[in-house]
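[1] take this sequence and fold it.
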Amino acid sequence: MTGDPAGLADPADAVRSDSAEERSSRAATVPDMDRFLAAAIAEAEAGLAAGGIPIGSVLVVDGEIAGRGHNQRMQKGSVVLHAEMDCLENAGRLPASVYRRATLYSTLSPCSMCTGAILLYGIPRVVVGERRTFQGPQHLLEEAGVDVTVVDDPRCRELMTDFIAANPTLWNEDIGEE
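    So this is what the prediction gives:
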């Protein structure tokens, strides 16, 4: 690995919405973040390969993946199975104390529905692969004290940019646009 452990062209490209003191107390190290974001990207790629929208998510608790998922709206004809929702569903019922130790990784900025689930379960940390192609209500997470890190990962951007260009109608349906 080169001197760029986060896989970014410039480490300053990572957008963080917290102070340096808060960043220093982060539960996940940069190599962990890389590993868990890679798992979310693998979920996004699996969703795309299955004919769906390439968004993936993993829920990490105490350094282990507790749940993983990808957008399954097309595959299952679901109105709610965004990647984060599928991930939480696949993690199963967990005590509130577990969610409060968790970090949710998502290849794309969470939408309003997924943001609501993050807030409902009290998940304190969210790592976002990219938010250039779509930005959900990140301010709601931040206002509630959620530690949000935006990595601006090139692979996450590429997956979404290519998908949106090839499937604009389907993408607009997914985000509730006409």
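[2] for the residue sitting nearest the centre point of the chain, which residues are in contact?
    Against the mean C-alpha coordinate of the chain, by CA atoms, centre = their mean, the closest residue is Ser106 at 1.0 Å. By CB atoms under 8 Å, 6 or more residues apart in numbering, the contact set of Ser106 is 40, 55-57, 83-84, 114, 126-129. Bear in mind the C-beta positions are built from the backbone N, C-alpha and C, glycine included.
[3] how about the strands in the chain?
    15-16, 56-61, 64-70, 102-106, 125-128, 147-150 (DSSP state E).
[4] select the longest helix from the protein.
    Secondary structure of the chain per DSSP state H: the longest helix is helix 30-49.
[5] around the nearest residue to Ala91 once chain neighbours are set aside, count how many other residues there are.
    In space, and not counting its chain neighbours, Ala91 is closest to Gly67: 2.6 Å by CB to CB, 6 or more residues apart in numbering. A count of neighbours around Gly67, defined by other CB atoms under 10 Å, yields 20.
[6] so what's the residue count around the nearest residue to Asp153 once chain neighbours are set aside?
    Among residues not flanking Asp153 along the chain, Gly129 sits closest, at 4.6 Å (CB to CB, 6+ apart). By other CB under 10 Å, 26 other residues sit near Gly129.
[7] so for Met33, which of the strands of the chain sits nearest?
    Evaluated over the strands of the chain, closeness to Met33 peaks at strand 125-128, with 6.0 Å, by CB to CB.
[8] so what does that closest one touch, helix or strand wise?
    Contact here means 3 or more CB pairs under 8 Å, 6 or more residues apart in numbering; DSSP states H and E; on that basis strand 125-128 packs against helix 30-49, strand 102-106, strand 147-150.
[9] what's the most buried one of the ones you listed?
    strand 102-106 (a mean of 27; mean count of other CB atoms under 10 Å).
[10] chain center to that one, what's the gap?
    6 Å (CA atoms, centre = their mean, to the nearest Å).
[11] ok, Met33 - contacts?
    6, 105, 127, 149, 151.
[12] now swap in Gly122 and tell me
    96, 99-100.
[13] and the gap between it and Arg101?
    10 Å (CB to CB, to the nearest Å).
[14] these two touch, right, Leu170 and Met74?
    Yes. Assessed by CB atoms under 8 Å, Leu170 is found in contact with Met74 at 7.3 Å.
[15] who touches both of the two?
    Common neighbours of Leu170 and Met74 (CB under 8 Å, 6+ apart) are Ile53.
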